[in-house]
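**Student:** sequence? don't have it. structure:
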Ligand code: ATP
């Protein structure tokens, strides 16, 4: 797809999200609030389903990973220990003429970097598009334009800390400064001792957490891709302090993370792995890879897998004065190494939406331009929509009974009796509902209904009393 089509696609997705209640601009009645979004009725269901699939896969279905929900505002020493206070910053440059601010590394990135996706595909067209797409929104197409004319004139880069500062208590003094967490991970490390003391769990094991994180991003943009507040799903997987074990676990997690996206519907050709160059790594990191996705605005990070050695626990031990060593019979106490898979839920949702978006060319029985969201049924906001063909002769009563059976069986469903059947199908296709059920006059005679499949548009007659079990089988 060329850049214009990519932009078009992104605009269409943003507009669908607003129109059908997935994502709204936050504080819209007050003119909005930069790069902050609210999730509407469909969006919250989709996001909850992604989180629940993640939690089921990585926590409840595994013996070696347990969950946690730590506070957003922690003792500020946490961020001293983790290094976020001193070094969680981006190099900021400002144009002396138009005063726009950009991350220096993103401007350089625009000019220098080729994505591994583009290189892997060896597709010059994609490569060109991706290079252009890496340009921050405000820089302009050639990467140089200033809105006051000509090229930008950059100041020297200054470090800009990304943590949001706040005050706890009635006074706004130095001692009452606190921070909104910029990642969920540190709450896991600071609870390491509590978790090992209150659970019978042995290394190797992981602690998982899903929750909000906050970053005062300098160049947010691209819809929900980079926002000021977002949700992370992170695992700290603790292992013996051994480089080979760390490398093995790291490779396993790269595959696990990739599989999560593939199993829930991301197309293989849109995923790629980018291993960080040596000069991108923090001093303690023994390797980091990004799972990247081919977003319409360019190939960008969806999730990251990092080998963090014993750095975090070591730092918290030092700053708290507490013993954070792990004890195992027959071995000297040790601080474990950790491998960290870190997912962004908002970015995952955006990738699922992009991959699912399908506009008919008119050859599949739909009208040209009609939109179907081909979301995996497991994450679709609504699984089944139930329609009476007409509002008479007892059809709505039968349809409402089916609807009630479905919601009683924990299947998110929707009842709709208004408009033509074709229109009702289209409304459901647009929000990704995998199945529609229509109660018609034959239903009165033989207790069957029409079950219509979103993707194939095939319709079959099914027995009313078999609906719940056959849908349950698929989700
Ligand atoms: P980037 O390089 O894009 O700024 P990062 O490397 O700083 O991302 P991490 O610190 O590794 O990101 O965070 C883990 C995950 O959290 C990311 O892979 C991404 O999915 C998500 N994430 C990070 N920052 C944001 C943000 N500002 N908005 C939405 N999601 C984010």
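**Tutor:** Received it, and whenever you're ready, just let me know what you need. Owing to the predicted nature of the structure, the values given are computational and were not obtained by experimental measurement.
**Student:** In the stretch 251-400 of the chain, what residue lies closest to the ligand?
**Tutor:** Here the residue of the stretch 251-400 of the chain nearest the ligand is residue 344; by CB to the nearest ligand atom that distance is 2.0 Å. C-beta here means a position set from N, CA and C on the backbone, and glycine is covered the same way.
**Student:** Hmm, that residue is touching residue 234, no?
**Tutor:** No: contact status for residue 344 versus residue 234: not in contact, 9.7 Å apart, counting by CB atoms under 8 Å.
**Student:** before we move on, back to that, if the residue of the stretch 251-400 of the chain closest to the ligand is in a bridge, with which residues?
**Tutor:** residue 232 (DSSP bridges).
**Student:** okay, now it: neighbour count?
**Tutor:** Residue 344 has 23 neighbours, counted by other CB atoms under 10 Å.
**Student:** and it, how far is that from residue 352?
**Tutor:** Distance, residue 344 to residue 352, by CB to CB, to the nearest Å: 12 Å.
**Student:** What of residue 292?
**Tutor:** The value you get for residue 292 to residue 352, if CB to CB is used, is 15 Å.
**Student:** In terms of neighbours, single out the busier of these two.
**Tutor:** For residue 292 versus residue 352, neighbours defined as other CB under 10 Å are more numerous around residue 352 (26 against 22).
**Student:** got a list of what that one touches?
**Tutor:** Contacts for residue 352 (CB atoms under 8 Å, 6 or more residues apart in numbering) come out as 46, 50, 264, 265, 266, 375, 376, 379.
**Student:** make it 7 Å
**Tutor:** Neighbouring residues of residue 352 by CB atoms under 7 Å, 6 or more residues apart in numbering: 264, 265, 266, 375, 379.
**Student:** what about the stretch 151-300 of the chain, any weak spots by pLDDT?
**Tutor:** 220 (pLDDT under 70).
**Student:** so what's the residue of it at minimum distance from the ligand closest to, chain neighbours aside?
**Tutor:** Using CB to the nearest ligand atom, the single residue of the stretch 151-300 of the chain nearest to the ligand is residue 230, 3.5 Å away. Excluding the flanking residues, the one nearest residue 230 by CB to CB, 6 or more residues apart in numbering is residue 346, at 4.7 Å.
**Student:** helix, strand or coil for the one you found?
**Tutor:** helix (DSSP: H, G, I helix; E, B strand; the rest coil).
**Student:** Could you double-check that the residue of the stretch 251-400 of the chain closest to the ligand lies in contact with residue 232?
**Tutor:** Yes: counting by CB atoms under 7 Å, residue 344 touches residue 232, with 6.0 Å between them.
**Student:** May I see the buried residues of stretch 466-473?
**Tutor:** Across stretch 466-473, burial judged by 16 or more other CB atoms under 10 Å covers 467, 468, 471.
**Student:** which one among the residues you listed gets closest to residue 320?
**Tutor:** Taking CB to CB as the measure, residue 320 lies nearest residue 471 of the buried residues of stretch 466-473, at 50.6 Å.
**Student:** quick check, the closest one in a helix?
**Tutor:** Yes: assessed with three-state DSSP, residue 471 lies in a helix.
**Student:** doesn't residue 383 make contact with it?
**Tutor:** Yes: Residue 471 lies in contact with residue 383 (CB under 7 Å); the separation is 6.2 Å.
**Student:** Quick check: neighbours shared by those two?
**Tutor:** Contacts common to residue 471 and residue 383, judged by CB under 7 Å, 6+ apart, are 411, 435.
**Student:** The residue of the stretch 251-400 of the chain closest to the ligand and residue 330, how far apart?
**Tutor:** In terms of CB to CB, residue 344 sits 41 Å off from residue 330.
**Student:** Same check on residue 382?
**Tutor:** For residue 382, the distance to residue 330 equals 55 Å [CB to CB].
**Student:** Just give me the neighbour total for residue 244.
**Tutor:** 8.
**Student:** In three-state terms, label it for me.
**Tutor:** Residue 244 is classified as helix under three-state DSSP.
**Student:** One more: the one 10 residues further on?
**Tutor:** Here residue 254 is recorded as helix under three-state DSSP.
**Student:** Could you number the chain from 855 rather than 1 from now on?
**Tutor:** Sure, I'll start counting at 855 from here, so that last one is residue 1108.
**Student:** What score does residue 980 have for pLDDT?
**Tutor:** If you check residue 980, the pLDDT there is 27.
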